[in-house]
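Student: Okay, structure incoming, though there's no sequence with it:
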């Protein structure tokens, strides 16, 4: 169920056809997900937006709770998803940034100043601190020095 249709073997496709014949809601949900996969491969932002509008139309009036959640999530993040059509960022870099953010937030538990965390996140995106030069740029932001830990 989680693999794309073209990645299924012939016997898996036959089993899915039987499953879809028995459950129409599941078949429609699978169609919407396959359509969304195609939309995300659109060559331009305009094509991606058009496809997203079509997916939103198909999920809008569903009584099916997971489809409504998909609809609400797509609608909430519409602009961010549409930007993918313009810029096509490399997935590996996005995954690396996401991992770095999660690590930074995990280390930041207990920060009293959310502005400090926000600045660190913003800086980390643009200028990773890997060299002495990167450290100097980070210090040039004028962030307050962290308080020494009590022993």
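Tutor: Sure thing, it's come through. These figures come from a predicted structure and were not determined experimentally.

Student: rest of the way, CA atoms for contacts and neighbours
Tutor: OK.

Student: can you give me the helices for this protein?
Tutor: Taking DSSP state H as the criterion, the chain carries its helices at 10-22, 24-40, 45-60, 65-76, 78-87, 91-107, 114-126, 132-139.

Student: quick one: buried residues of the first one?
Tutor: Think helix 10-22. Neighbour counts over helix 10-22 (16 or more other Cα atoms under 10 Å) mark 16, 20 as buried.

Student: Which residues lie in contact with residue 27 in this structure?
Tutor: Applying Cα atoms under 8 Å, 6 or more residues apart in numbering to residue 27 gives the contacts 20-21.

Student: run the last query once more with 10 Å
Tutor: Residue 27 makes contact with 16-17, 19-21, 33, according to Cα atoms under 10 Å, 6 or more residues apart in numbering.

Student: Taking those residues together, which two end up most distant?
Tutor: Using Cα to Cα, the pair of the contacts of residue 27 lying farthest apart is 21 and 33, separated by 17.4 Å.

Student: give me the low-pLDDT residue ranges for the chain?
Tutor: Along the chain, the parts satisfying pLDDT under 70 run over 1-2, 110, 125-151.

Student: neighbours around residue 119, how many?
Tutor: 13 (other Cα atoms under 10 Å).

Student: any idea how far it lies from residue 26?
Tutor: With distances taken as Cα to Cα, to the nearest Å, residue 119 is found 44 Å from residue 26.

Student: Residue 35 too?
Tutor: According to Cα to Cα, residue 35 stands 14 Å off from residue 26.

Student: How about residue 5?
Tutor: Here the criterion is Cα to Cα. By it, residue 5 lies 14 Å from residue 26.

Student: in stretch 24-39, what counts as buried?
Tutor: Buried residues in stretch 24-39 (16+ other Cα under 10 Å): 27, 29-30, 32-33, 36, 39.

Student: Residue 67 against residue 58, yeah?
Tutor: Yes - assessed by Cα atoms under 10 Å, residue 67 is found in contact with residue 58 at 9.2 Å.
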